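Enquirer: after the sequence you'll find the predicted model.
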Amino acid sequence: MEKTESRRIQMTKALIRSALVELMEEKTFERITIKELCERADVNRTTFYLHYSDQRSVFNDVKDTVCRQTVAMISEADLSDPTVFVERFLNYIKDNDKQFRILFMHDEGDSFRFSLMDAVARELLQFLPVTDDPQNDAFILAYMMAGSLSVIIEWMKTNYERSARELARFLFNINSSVKW
(Lines give C-alpha, C1' and ligand atoms only; values in the text may rest on other atoms or scores of the structure.)
Protein backbone atom coordinates (compact mmCIF):
# COMPACT_ATOMS: atom_id res chain seq x y z
CA MET A 1 0.00 0.00 0.00
CA GLU A 2 1.42 3.36 -1.05
CA LYS A 3 1.58 5.96 1.70
CA THR A 4 0.01 9.30 0.79
CA GLU A 5 2.12 12.35 1.43
CA SER A 6 0.95 15.43 3.27
CA ARG A 7 0.51 18.63 1.30
CA ARG A 8 3.59 20.05 3.01
CA ILE A 9 5.75 17.13 1.84
CA GLN A 10 4.30 17.35 -1.66
CA MET A 11 5.06 21.09 -1.76
CA THR A 12 8.60 20.62 -0.46
CA LYS A 13 9.34 17.94 -3.03
CA ALA A 14 7.83 20.10 -5.79
CA LEU A 15 10.10 22.98 -4.77
CA ILE A 16 13.16 20.73 -4.90
CA ARG A 17 12.16 19.24 -8.27
CA SER A 18 11.55 22.72 -9.67
CA ALA A 19 14.92 23.90 -8.34
CA LEU A 20 16.66 21.04 -10.11
CA VAL A 21 14.95 21.82 -13.42
CA GLU A 22 15.92 25.50 -13.10
CA LEU A 23 19.53 24.65 -12.27
CA MET A 24 19.73 22.21 -15.18
CA GLU A 25 18.84 25.09 -17.49
CA GLU A 26 21.93 26.88 -16.21
CA LYS A 27 24.53 24.12 -15.90
CA THR A 28 25.19 20.43 -16.40
CA PHE A 29 23.63 17.96 -14.01
CA GLU A 30 27.05 16.83 -12.75
CA ARG A 31 27.90 20.36 -11.58
CA ILE A 32 24.75 20.82 -9.49
CA THR A 33 25.39 20.52 -5.76
CA ILE A 34 23.02 19.67 -2.94
CA LYS A 35 23.84 23.08 -1.45
CA GLU A 36 22.66 24.82 -4.65
CA LEU A 37 19.51 22.71 -4.78
CA CYS A 38 18.67 23.56 -1.18
CA GLU A 39 19.34 27.27 -1.69
CA ARG A 40 17.25 27.42 -4.87
CA ALA A 41 14.38 25.47 -3.29
CA ASP A 42 14.71 27.43 -0.03
CA VAL A 43 14.92 24.27 2.09
CA ASN A 44 17.62 23.17 4.48
CA ARG A 45 19.84 20.13 3.92
CA THR A 46 18.10 18.12 6.63
CA THR A 47 14.77 18.61 4.86
CA PHE A 48 16.36 17.68 1.53
CA TYR A 49 17.74 14.42 2.94
CA LEU A 50 14.39 13.54 4.48
CA HIS A 51 13.06 13.19 0.93
CA TYR A 52 16.03 12.48 -1.35
CA SER A 53 19.39 10.77 -1.12
CA ASP A 54 21.13 12.82 -3.83
CA GLN A 55 20.64 14.83 -7.02
CA ARG A 56 19.98 11.68 -9.08
CA SER A 57 17.05 10.72 -6.84
CA VAL A 58 15.54 14.17 -7.43
CA PHE A 59 16.02 13.79 -11.19
CA ASN A 60 14.34 10.37 -11.07
CA ASP A 61 11.45 11.91 -9.14
CA VAL A 62 11.13 14.64 -11.79
CA LYS A 63 10.93 11.92 -14.48
CA ASP A 64 8.35 9.89 -12.54
CA THR A 65 6.23 12.95 -11.75
CA VAL A 66 6.16 14.24 -15.33
CA CYS A 67 5.33 10.74 -16.60
CA ARG A 68 2.46 10.38 -14.09
CA GLN A 69 1.10 13.84 -14.91
CA THR A 70 1.26 13.11 -18.64
CA VAL A 71 -0.60 9.83 -18.23
CA ALA A 72 -3.21 11.62 -16.11
CA MET A 73 -3.67 14.23 -18.84
CA ILE A 74 -4.08 11.49 -21.44
CA SER A 75 -6.53 9.49 -19.34
CA GLU A 76 -8.72 12.58 -18.94
CA ALA A 77 -8.58 13.47 -22.64
CA ASP A 78 -11.29 12.93 -25.20
CA LEU A 79 -9.73 10.47 -27.61
CA SER A 80 -12.63 10.40 -30.06
CA ASP A 81 -10.79 12.71 -32.46
CA PRO A 82 -7.13 11.63 -32.67
CA THR A 83 -5.95 14.85 -34.32
CA VAL A 84 -7.47 16.98 -31.56
CA PHE A 85 -5.97 14.69 -28.95
CA VAL A 86 -2.48 14.90 -30.51
CA GLU A 87 -2.78 18.70 -30.70
CA ARG A 88 -3.72 18.81 -27.02
CA PHE A 89 -0.80 16.52 -26.17
CA LEU A 90 1.59 18.77 -28.12
CA ASN A 91 0.27 21.88 -26.38
CA TYR A 92 0.74 20.09 -23.06
CA ILE A 93 4.40 19.48 -23.92
CA LYS A 94 4.81 23.08 -25.05
CA ASP A 95 3.13 24.41 -21.89
CA ASN A 96 5.52 22.31 -19.79
CA ASP A 97 8.52 23.07 -21.97
CA LYS A 98 11.11 23.42 -19.21
CA GLN A 99 10.50 20.00 -17.75
CA PHE A 100 10.17 18.17 -21.07
CA ARG A 101 13.18 19.93 -22.57
CA ILE A 102 15.37 19.01 -19.59
CA LEU A 103 14.09 15.43 -19.54
CA PHE A 104 14.43 14.80 -23.27
CA MET A 105 17.75 16.56 -23.73
CA HIS A 106 19.56 15.48 -20.55
CA ASP A 107 18.32 11.97 -19.85
CA GLU A 108 21.19 9.49 -19.89
CA GLY A 109 20.15 6.29 -21.60
CA ASP A 110 16.82 7.82 -22.63
CA SER A 111 15.05 6.21 -19.67
CA PHE A 112 12.49 9.03 -19.52
CA ARG A 113 11.82 8.75 -23.25
CA PHE A 114 11.21 5.01 -22.98
CA SER A 115 9.13 5.33 -19.80
CA LEU A 116 6.97 8.00 -21.40
CA MET A 117 6.50 5.99 -24.62
CA ASP A 118 5.53 2.92 -22.61
CA ALA A 119 3.07 4.84 -20.42
CA VAL A 120 1.46 6.64 -23.37
CA ALA A 121 1.25 3.42 -25.39
CA ARG A 122 -0.57 1.66 -22.53
CA GLU A 123 -3.12 4.50 -22.43
CA LEU A 124 -3.64 4.59 -26.21
CA LEU A 125 -3.48 0.86 -26.95
CA GLN A 126 -7.23 0.42 -26.56
CA PHE A 127 -7.85 2.90 -29.38
CA LEU A 128 -5.46 1.44 -31.92
CA PRO A 129 -6.33 -1.20 -34.50
CA VAL A 130 -4.99 -4.69 -33.91
CA THR A 131 -4.14 -7.59 -36.18
CA ASP A 132 -4.00 -11.29 -35.57
CA ASP A 133 -0.28 -10.94 -34.84
CA PRO A 134 0.30 -9.30 -31.41
CA GLN A 135 4.05 -9.12 -31.98
CA ASN A 136 3.49 -7.25 -35.24
CA ASP A 137 1.13 -4.86 -33.42
CA ALA A 138 3.81 -4.23 -30.77
CA PHE A 139 6.40 -3.51 -33.46
CA ILE A 140 4.10 -1.06 -35.25
CA LEU A 141 3.20 0.72 -32.02
CA ALA A 142 6.88 1.00 -31.02
CA TYR A 143 7.70 2.41 -34.46
CA MET A 144 4.89 4.95 -34.30
CA MET A 145 5.71 6.04 -30.74
CA ALA A 146 9.48 6.36 -31.30
CA GLY A 147 9.02 8.19 -34.58
CA SER A 148 6.41 10.56 -33.20
CA LEU A 149 8.51 11.32 -30.14
CA SER A 150 11.58 12.00 -32.31
CA VAL A 151 9.53 14.46 -34.38
CA ILE A 152 8.26 16.12 -31.19
CA ILE A 153 11.82 16.53 -29.89
CA GLU A 154 12.87 18.09 -33.20
CA TRP A 155 9.87 20.42 -32.91
CA MET A 156 11.08 21.44 -29.46
CA LYS A 157 14.56 22.13 -30.86
CA THR A 158 13.02 24.57 -33.36
CA ASN A 159 11.34 26.35 -30.43
CA TYR A 160 7.95 25.30 -31.74
CA GLU A 161 8.17 26.98 -35.15
CA ARG A 162 5.14 25.05 -36.35
CA SER A 163 1.89 25.31 -34.46
CA ALA A 164 0.69 22.37 -32.42
CA ARG A 165 -2.19 21.98 -34.86
CA GLU A 166 0.15 21.79 -37.88
CA LEU A 167 2.39 19.26 -36.18
CA ALA A 168 -0.58 17.20 -34.99
CA ARG A 169 -1.86 16.94 -38.57
CA PHE A 170 1.64 16.06 -39.78
CA LEU A 171 2.02 13.29 -37.18
CA PHE A 172 -1.47 12.01 -37.77
CA ASN A 173 -0.87 11.82 -41.53
CA ILE A 174 2.42 9.97 -41.10
CA ASN A 175 1.03 7.53 -38.55
CA SER A 176 -2.15 6.97 -40.54
CA SER A 177 -0.05 5.69 -43.42
CA VAL A 178 1.20 2.79 -41.27
CA LYS A 179 -0.70 -0.34 -42.26
CA TRP A 180 -1.94 -2.55 -39.46
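Expert: Right, received. Where do you want to start? Numbering: from 1, shown residues only.
Enquirer: run through the chain and note the low-pLDDT ranges.
Expert: The chain contains residues with pLDDT under 70 at 1-3, 109, 126-127, 179-180.
Enquirer: all helices of it, in order?
Expert: Using DSSP state H, the helices of the chain run over residues 7-26, 34-41, 45-51, 55-76, 82-95, 97-105, 111-124, 134-157, 164-176.
Enquirer: let me have these in JSON lines, extended by mean neighbour count.
Expert: Every C-beta, even on glycine, is put in place using the N, C-alpha and C of the backbone. Formatted as JSON lines, those follow (neighbours: other Cβ atoms under 10 Å):
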{"stretch": "helix 7-26", "mean neighbour count": "16"}
{"stretch": "helix 34-41", "mean neighbour count": "17"}
{"stretch": "helix 45-51", "mean neighbour count": "14"}
{"stretch": "helix 55-76", "mean neighbour count": "16"}
{"stretch": "helix 82-95", "mean neighbour count": "17"}
{"stretch": "helix 97-105", "mean neighbour count": "18"}
{"stretch": "helix 111-124", "mean neighbour count": "16"}
{"stretch": "helix 134-157", "mean neighbour count": "15"}
{"stretch": "helix 164-176", "mean neighbour count": "16"}
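Enquirer: walk me through the domains of the chain.
Expert: What automatic domain parsing lists as the domains of the chain is 1-52, 60-176.
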